[in-house]
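Participant: got a predicted structure here, sequence first:
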Amino acid sequence: MIDPGQLRTRLVLQQPVETPDDQGGVTRAWSSYGNAWAKITPLSARPGVEADASGATQTYRITMRANFSLTLPHWMVEGAKVYEIVAIRNSGDRRYIEIDAQLRIV
């Protein structure tokens with residue numbers, strides 16, 4: 001069980017919005033749909049190359065109240081930081097969710 005006072009980081013929750021591009025594909029944009037207070041705990045960091053861009057990937061555990069519907073395509077934004085969801089699970093008492101997320105640093 002987590003102390004609600006530990007939820008100190010304000011996150012903007014974003015969902016993908018896809019619109020047809022008239023060529024058989026879609027254009028993806030991001031729409032904000034809510035704010036949540038969360039506890040962000042760093043887990044690990046590793047160097048890497050993704051799409052020919054060198055940088056580092058940091059892994060975090062984000063704990064927040066379970067009053068939002070989140071799926072893997074959603075993002076969580078804190079200022080200029082964008083957290084991509086890797087896994088979502090309920091905590092023991094189901095009032096909170098734990099999210100494994102990655103933050104790419106370039």
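Facilitator: Thanks, I have the structure now. Numbering: from 1, shown residues only.
Participant: strands paired with the helix or strand containing residue 35, and their directions?
Facilitator: Taking DSSP states H and E as the definition, one finds residue 35 inside strand 26-50. Here strand 26-50 is paired, per DSSP bridges, with strand 9-20 (antiparallel), strand 53-65 (antiparallel).
Participant: residues of it that come out buried?
Facilitator: For strand 26-50, the neighbour count (16 or more other C-beta atoms under 10 Å) marks 36, 38, 39, 40 as buried. The C-beta positions use only the backbone N, C-alpha and C, and glycine is treated the same way.
Participant: picking that back up, save the strands paired with strand 26-50 as CSV, and put in distance to residue 94 and mean neighbour count too.
Facilitator: As requested, the strands paired with strand 26-50 are exported to CSV (distance: least, C-beta to C-beta, whole Å; neighbours: other C-beta atoms under 10 Å):
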stretch, distance to residue 94, mean neighbour count
strand 9-20, 19, 14
strand 53-65, 11, 16
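Participant: worst mean pLDDT among these?
Facilitator: When the strands paired with strand 26-50 are ranked by mean pLDDT, strand 53-65 comes last with a mean of 82.
Participant: next helix or strand past it?
Facilitator: The C-terminal neighbour of strand 53-65 among helices and strands, as given by DSSP H and E, is strand 75-78.
Participant: ok, the helix or strand just after that next one: who's next to it in the sheet?
Facilitator: Proceeding N to C from strand 75-78, the next assigned helix or strand is strand 81-90, under DSSP H and E. Strand 81-90 pairs in its sheet with strand 75-78 (antiparallel), strand 96-105 (antiparallel), by DSSP bridges.
Participant: which residues are in contact with the longest one?
Facilitator: Contact partners of strand 96-105, identified using C-beta atoms under 8 Å, 6 or more residues apart in numbering, comprise 2, 43, 50, 55-66, 70, 76, 81-91.
Participant: perfect, I'm done here.
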